[in-house]
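>>> Following is a predicted model, sequence given first.
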Amino acid sequence: MVLLPVQIIVICSALCALVTSSPLPQDESFAIIPYNYGYEVQDPETNNFQNKAEIKTSEGDVYGSYSVLMPDGYIYTTTYNVTGDSGYVSRLVKTLAQQEVLPEPRTAA
Ligand SMILES: *[C@@H]1O[C@H](CO)[C@@H](O)[C@H](O)[C@H]1NC(C)=O
């Protein structure tokens, strides 16, 4: 039997349909795995101060925050969350780093 070009196309498209419609693993569930972690860097020698912490709840919501001391003397803190179908929501706050405590002025004796 000799296949005509039209028949080849039909066979090919039938095969292609089979391949592309092959089901994705539907029953593969993406289980929520709660976690939390954090870290902190405090290195006065290099003026490297930063931290981060994040938690994922058993509902799948994520809450986190990270801070870094920048050369301008401000600590930049980003807090963020992903709850429900909110997407990534974040907020940046800038606070002046605490200055070194100056020695008490001496009173005249
Ligand atoms: C998520 O973060 C935004 C920005 O900081 C805040 O306004 C909102 O209340 C947070 N949502 C929850 C559920 O904590």
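Yes, it's here.
>>> those strands in this protein, which residues are they?
Here the chain has its strands, by DSSP state E, at 35-43, 48-56, 62-69, 74-82, 89-96.
>>> Can you list the strands that the fourth one pairs with?
Each strand that pairs with strand 74-82, with its direction, by DSSP bridges: strand 62-69 (antiparallel), strand 89-96 (antiparallel).
>>> Out of the ones you listed, which gets nearest to the ligand?
Distance to the ligand, taken as CB to the nearest ligand atom, is lowest for strand 89-96 among the strands paired with strand 74-82, at 3.4 Å. In this view, the C-beta of every residue, glycine as well, is placed from N, C-alpha and C.
>>> Contact distance from the ligand - what residues of the protein qualify?
Within the chain, the positions adjacent to the ligand are Thr79, Asn81, Thr83, Val89, Arg91 by CB under 6 Å from any ligand atom.
>>> Could I get those residues in JSON lines, plus columns for neighbour count?
Conversion of the residues of the chain next to the ligand to JSON lines gives the following (neighbours: other CB atoms under 10 Å):
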{"residue": "Thr79", "neighbour count": "14"}
{"residue": "Asn81", "neighbour count": "18"}
{"residue": "Thr83", "neighbour count": "13"}
{"residue": "Val89", "neighbour count": "10"}
{"residue": "Arg91", "neighbour count": "10"}
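>>> how about the residues you listed, which pair is most distant?
Across the residues of the chain next to the ligand, the longest distance by CB to CB is 13.8 Å; it joins Thr83 and Arg91.
>>> what about the protein, any weak spots by pLDDT?
Flagging of the chain using pLDDT under 70 yields the residue ranges 1-28, 99-103, 108-109.
>>> what's near enough to touch Met47?
No, residue 47 isn't Met; it's Asn. By CB atoms under 8 Å, 6 or more residues apart in numbering, the contact set of Asn47 is Leu69.
>>> Quick check on it: phi, psi?
Asn47 adopts backbone torsions of phi 60, psi 40, taken as degrees, to the nearest 10.
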